[in-house]
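Trainee: Prediction below, plus the sequence it came from.
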Number of protein chains: 2
Amino acid sequence: MAEDLRTLVEQVKAVSHPLRLRVLALLDAGELCVCQIAETLQVPQSSVSEALKELRRAGFLTERKEGRWVFVSVVKKNSIPLLKGLLAEAGALDEVLQDRLRAKEVQATAIPVVCSRVQKAAQPAPVAADA
Amino acid sequence: MAEDLRTLVEQVKAVSHPLRLRVLALLDAGELCVCQIAETLQVPQSSVSEALKELRRAGFLTERKEGRWVFVSVVKKNSIPLLKGLLAEAGALDEVLQDRLRAKEVQATAIPVVCSRVQKAAQPAPVAADA
DNA sequence: CGGTAATATCGGAAAATATCGAAATATATA
DNA sequence: TATATATTTCGATATTTTCCGATATTACCG
């Protein structure tokens, strides 16, 4: 529960953005690490990182570090009525359900493989051979 | 219930703003006309009008016209989980409760008086007498 | 240590939004 | 019709946000 209007507005702002809401709704189905999110949603890793920063600031996430991986998940949402209502709606959306299916697939692959795939995707462009 | 992510984000955006959220929370306590809102919150009437426009677009308001006055109120909120959660939080905030008290006071005055007061407040500045 | 892998932060140009006075639109009433 | 009144829309500026490649940071490994 927010304690003032300013805080509540900040929380709302945190989810008033397609990627951030998508990430939140995705995580509501279970924890993922940053590169898994980037791969699932097919967006640059830095964008995911920034999205997570905002969601964290709003108090919507908890984290668990495992080596260099950061696993993120949604806080117990009953403590935040706003989250409960929001995720109830989001969880019913096709796009969100599809993201979750995609996440399942991503999870079937070993994390280091997923991560390196995300790194590769960030490369400028593989300038067709120099031979 | 929003039917896609884009729509849901638009709804969230509509309330990711101090004035808009304040107005929504205020109206949750009962209908008011535009000038009553402006007077209660002590903000320019055009700002209230713009705030209402966004809230309307999001589907959060219903209107009732009475002469030149427009009375606005919040839609039945159980149909929108997001609203339910949000207003549950907002309704507990001091600032919102105080706004509602102020609205009660404003409602004790006849509407035309309130409206003209709001109009006056918009004047540039009453350049101290010409006698 | 040096190297590599995962994540975070920065830079900064483009796009979006906020703000509020002024002008335009209704809607009354005389 | 003319005038006043309540609300909406416009205009123009200021501020904030978005986006993502490049770079920094952190953590592990040999």
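Mentor: Structure's in. What do you need?
Trainee: Secondary structure class of the residue nearest the centre of chain A, three-state.
Mentor: In chain A, the residue lying closest to the centroid (Cα atoms, centre = their mean) is A:Val23, at 3.2 Å. Three-state assignment for A:Val23 (DSSP: H, G, I helix; E, B strand; the rest coil): helix.
Trainee: Also A:Thr109?
Mentor: What three-state DSSP gives for A:Thr109 is coil.
Trainee: For the lowest-mean-pLDDT helix or strand in chain A, buried residues please.
Mentor: Lowest mean confidence among the helices and strands of chain A (mean pLDDT, DSSP states H and E): helix A:111-122, at a mean of 93. Within helix A:111-122, the residues that count as buried by 16 or more other Cβ atoms under 10 Å in any protein chain shown are A:Ile111, A:Val114, A:Cys115, A:Val118. Where you see a C-beta, it was placed from the backbone N, CA and C, and this is true even at glycine.
Trainee: ok, now which ones touch the second one?
Mentor: In this case it means A:Val114. Contacts for A:Val114 (Cβ atoms under 8 Å, 6 or more residues apart in numbering or on different chains) come out as A:Cys35, A:Gln36, A:Glu39, A:Val106.
Trainee: now it: how far from A:Lys120?
Mentor: Distance, A:Val114 to A:Lys120, by Cβ to Cβ, to the nearest Å: 11 Å.
Trainee: Could you find the closest non-adjacent residue to A:Glu95?
Mentor: B:Leu5 (4.7 Å; Cβ to Cβ, 6 or more residues apart in numbering or on different chains).
Trainee: Pick the one among the buried residues of helix A:111-122 closest to DNA strand C.
Mentor: A:Cys115 (3.3 Å; Cβ to the nearest atom of the strand).
Trainee: The closest one against A:Leu32, yeah?
Mentor: No. Between A:Cys115 and A:Leu32 there is no contact, the gap being 11.9 Å when judged by Cβ atoms under 8 Å.
Trainee: Name the nearest residue to A:Ala90, sequence neighbours excluded.
Mentor: Spatial nearest neighbour of A:Ala90, excluding adjacent residues (Cβ to Cβ, 6+ apart): A:Ala25 at 3.9 Å.
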